[in-house]
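*Asks:* With the input below, show me the fold.
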Amino acid sequence: MRLRRMRKKEFRMPEITLTPLIDTALTLLVIFMVTAPMVQNGIKLDLPHGKSKETGAVQELVVSVSKDGAVYFNSYQVKPQELVSSVQQALQGKEDDPVFVRGDKAVEYGKIMEVVDELKQAGVKYVAMSMQPTK
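*Replies:* The predicted structure is shown next:
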């Protein structure tokens with residue numbers, strides 16, 4: 001008798017709801033959109049103040065020199081001897097793009113000029129110095 005009852009039941013396909021998956025994906029997308037700009041500014045620098053504005057709205061190629069003299073290219077620390085090859089590799093096909101140099105106020109002027117000189121020797125046409133706008 002028990003077997004007959006089981007046979008009479010209809011087999012129903014389980015439903016798969018995609019709403020929680022889509023909600024999770026969109027939440028992650030928003031989180032990444034909010035945190036992505038913060039990654040670029042992950043290097044703590046105290047930039048000098050000035051009144052002029054930078055011409056490039058998007059800074060794709062950024063060389064930063066921190067207070068302790070460490071050199072970063074696009075938020076990744078590089079050895080000074082590897083800076084030229086990293087910049088040349090990033091500039092392939094975009095030779096007219098400017099390279100922005102961000103240097104902490106505490107860094108010696110000579111260290112910043114060494115970085116600028118290396119960039120010029122690497123074939124960079126435009127080197128722009130970044131500063132913090134005066135309030």
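
*Asks:* and whichever helix in the chain runs longest, which residues are buried?
*Replies:* In the chain, ranked by residue count with DSSP state H as the criterion, the top helix is helix 19-40. The neighbour-count criterion (16 or more other Cβ atoms under 10 Å) identifies no buried residues in helix 19-40. Just so you know, the C-beta spots here come from the backbone N, C-alpha and C atoms, and that holds for glycine as well.

*Asks:* That helix - what's its average pLDDT?
*Replies:* Average pLDDT, helix 19-40: 85.

*Asks:* repeat for stretch 128-135
*Replies:* 70.

*Asks:* Can you tell me, leaving aside adjacent residues, what's nearest to Gln88?
*Replies:* When the adjacent residues along the chain are set aside, Gln88 lies closest to Ala122, with 5.3 Å between them (Cβ to Cβ, 6 or more residues apart in numbering).

*Asks:* can you pull the contacts of the one you found?
*Replies:* When contacts are counted by Cβ atoms under 8 Å, 6 or more residues apart in numbering, Ala122 touches Leu83, Val84, Val87, Gln88, Leu91.

*Asks:* Tell me the pLDDT of it.
*Replies:* Ala122 is assigned a predicted lDDT (pLDDT) of 80.

*Asks:* same question, Lys94
*Replies:* Checking the pLDDT column for Lys94, the value is 76.
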